[in-house]
Each structure stands twice: as structure tokens, then as C-alpha cells.
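Undergrad: Fold the following and give me the result.
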Amino acid sequence: MLKQNYKEFRPAKITVYVFVVVLSVVLGFIILALISNGADNEYKEEAIQSCIALCKNEIAKDTILNSGPCLSNNIAPGWACDIVSSPRNKLIDDLPDNQCAAYKNRVIRHIVEITPNCVLIKAR
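TA: I've put the predicted structure just below:
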């Protein structure tokens, strides 16, 4: 009779252990995502201001920005700076060939997009 009770409890214990392990892994990923996202967002304002300043500097040097060049693959930690159409054209600006290499290749996760006149479109 003791042997039969052991078999009844064993699957329940395994299920609980598996649940605890899976829950721990999921919570770990959530915490990691929150920490890493917070670190990148800490540089968001710096990235925006630096991108606009770099754009204005390029205009002062008479650089033509209408072709939508990538101004910087590392404007701030985790951020790139890209010129996009004004108004933004998803069919053109979302093409991988028209994006900063570091962002396209997922070396960095965030990008500041500005118009050829140095106006912020978005920072994500």
C-alpha cells in the first residue's frame, strides 16, 4: 500500500518542479528585458539631441541629406541616427538597405529617425 501512495504523489511533485523551473526562467527573462530596456532608454534623450546636432552639422557642411543617409551607427550607447523621408514613407524608409547597418544587423536595438531638415520623427 505504501508503494501505491508513492506512485500517486510522484507525478504531482514532478509537475510542481517543472512549473517552478519554467516560472523562474520566464521571470528571469522578464527581469533581464526590463533591466536592458531601462539602460538603453537612459540614453534616449542624449541620442535624440546628438542626432539632431549631427544633422545640423552636416547641413552646415552642405551635405545633401535628401537621400536618407545613416548619420551614425552609434550616436549614443545602443542608438543609431538615421535620416528618413519627410513625411516618412514606410515603403522606402523601412527597407533594410535604407537603414543604419548597426540597426539592420541588430547590433543595436534603438534608432532615432529625423527628417533631412533635422526634425525628429521618432526615437524607438
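
Undergrad: can you map out the strands along the chain?
TA: Per DSSP state E, the chain carries strands over the ranges 70-76, 79-83, 110-114, 120-123.

Undergrad: wait, which of those is closest to Ile64?
TA: strand 79-83 (10.3 Å; Cβ to Cβ). The C-beta positions use only the backbone N, C-alpha and C, and glycine is treated the same way.

Undergrad: now, of the strands of the chain, which is deepest in the fold?
TA: Most buried of the strands of the chain by mean neighbour count (mean count of other Cβ atoms under 10 Å) is strand 79-83; its value is a mean of 26.

Undergrad: Next, the angle strand 110-114 makes with that strand.
TA: 30 degrees (axes from the mean of the first three to the mean of the last three Cα atoms, to 10 degrees).

Undergrad: Name every strand pairing with strand 79-83 and say which way it goes.
TA: Applying DSSP bridges, strand 79-83 is found paired with strand 70-76 (antiparallel), strand 110-114 (parallel).

Undergrad: Show me what the closest residue to Leu71 other than its chain neighbours bridges to in the sheet.
TA: Leaving aside its sequence neighbours, Leu71 sits nearest to Cys81 (Cβ to Cβ, 6 or more residues apart in numbering; 4.3 Å). Beta bridges link Cys81 to Ser72, Val112, judged by DSSP bridges.

Undergrad: for Cys81, what are its contacts?
TA: Counting by Cβ atoms under 8 Å, 6 or more residues apart in numbering, Cys81 touches 47, 50-51, 54-55, 70-72, 75, 100, 111-112, 114.

Undergrad: can you rerun that using 7 Å?
TA: 51, 54, 71-72, 75, 112 (Cβ atoms under 7 Å, 6 or more residues apart in numbering).

Undergrad: Save the residues you listed as a markdown table, and put in pLDDT and distance to Leu91 too.
TA: A markdown table is the format used below for these (pLDDT from 0 to 100; distance: Cβ to Cβ, whole Å):
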| residue | pLDDT | distance to Leu91 |
| --- | --- | --- |
| Cys51 | 97 | 23 |
| Leu54 | 96 | 26 |
| Leu71 | 94 | 22 |
| Ser72 | 95 | 24 |
| Ile75 | 95 | 25 |
| Val112 | 96 | 21 |
